[in-house]
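Student: Starting from these lines, generate the structure:
(chains A and B)
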Amino acid sequence: MVKPTRVTNRIRTLRFANGEMTQAELADKVGVTRQTVIAIEQGRYSPSLEMAFQIARVFGVALDEVFQYPGAPSPGHEGKAAR
Amino acid sequence: MPFEEKVTWVSAGVFAIVPSAYFWVVLSQLAQAPAGEIAYQRPMLIAVGVSIALTIVGSIATGIGSGITAEIMKPGSGADIGRSDERDATINRRGELVGYYVSSVGVVGVMALTMMEYDYFWIANALYASFVVASLVAAAVKLVAYRSGF
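Tutor: You can find the predicted model right below:
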């Protein structure tokens, strides 16, 4: 299946770390459909910044502990952004 | 499957079946009579009305069916049936935008038919066809987005 976003996330891990929260429970807390939670978990949908913050708030962690955006897609580009 | 995706399937089905029936009924008359003598107005209005009615009834039936199925499978799980979120809205916008482009191309074609003074039969049917094709393309874009992500 196509991976349309480079944004990765730890939602599945965080759900299990938070009392094995189900996707439906997370969806209810954020106010979205369960299918949206599934799509985000599988990397098929990048949530809005507001929804991303809501998800992080449910788990009580910072945004970058839930979502990551891997940099440097190819060798030789590493560190260029920092210069 | 999200409720909005089910509704999209319903509208896609309706817009595939009803206009097909209309065009089959009306265009098959071209063999017996010239375009200017074919009474297309009433069948077209009926097709448009039936499409709207079936989409509404189908959406309501889908909602009721989804709720009953969810309660049977897991009591209490039907609470979020009909819930719509930002992903649904984004997918809907994307589909409608692509549909708008298709419709725009169709309207240019209708303008060309008008300038060339084609019979009202062809102008009206080209306009209806462009509307139908735009609706089908919009539905297809939405369903692909729901399935493959974006």
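
Student: can you give me the offset of the longest helix belonging to chain B from its chain's centre?
Tutor: Longest among the helix segments of chain B by residue count, using DSSP state H, is helix B:41-73. On the basis of C-alpha atoms, centre = their mean, to the nearest Å, helix B:41-73 is displaced by 12 Å from the centre of the chain it belongs to.

Student: Check the model's average confidence along the helix or strand following that helix for me.
Tutor: Counting by DSSP states H and E, the element after helix B:41-73 in chain order, helix or strand, is helix B:86-115. In this model, helix B:86-115 has a mean pLDDT of 95.

Student: pLDDT wise, what is the residue lying closest to residue B:83 once chain neighbours are set aside at?
Tutor: Computed as C-beta to C-beta, 6 or more residues apart in numbering or on different chains, the closest residue to residue B:83 that is not its neighbour in sequence is residue A:33, at 5.3 Å. (C-beta placed from N, C-alpha, C; glycine too.) Looking at residue A:33, its pLDDT is 89.

Student: What residues does residue A:33 make contact with?
Tutor: By C-beta atoms under 8 Å, 6 or more residues apart in numbering or on different chains, the contact set of residue A:33 is A:27, B:2, B:3, B:80, B:83, B:84, B:85, B:87, B:88.

Student: now the first one: how far from residue B:110?
Tutor: Computed with C-beta to C-beta, to the nearest Å, the distance linking residue A:27 and residue B:110 is 44 Å.

Student: Give the other helices and strands that the lowest-mean-pLDDT helix or strand in chain B contacts.
Tutor: Between all helices and strands in chain B, the lowest mean by mean pLDDT, DSSP states H and E belongs to helix B:41-73, at a mean of 90. Packing contacts for helix B:41-73, counted by 3 or more C-beta pairs under 8 Å, 6 or more residues apart in numbering or on different chains; DSSP states H and E, involve helix B:3-27, helix B:120-148.

Student: Buried residues in that helix, which are they?
Tutor: The neighbour-count check on helix B:41-73 (16 or more other C-beta atoms under 10 Å in any protein chain shown) flags B:43-44, B:47-48, B:50-51, B:54-55, B:58-59, B:62-63, B:66-67, B:70 as buried.

Student: pLDDT of stretch A:39-56, averaged?
Tutor: 93.

Student: Tell me the gap between it and the middle of its chain.
Tutor: The answer for stretch A:39-56 is 5 Å, by C-alpha atoms, centre = their mean.

Student: can you pull the buried residues of that stretch?
Tutor: In stretch A:39-56, counting by 16+ other C-beta under 10 Å, buried: A:39, A:40, A:41, A:43, A:44, A:45, A:46, A:47, A:51, A:52, A:55, A:56.
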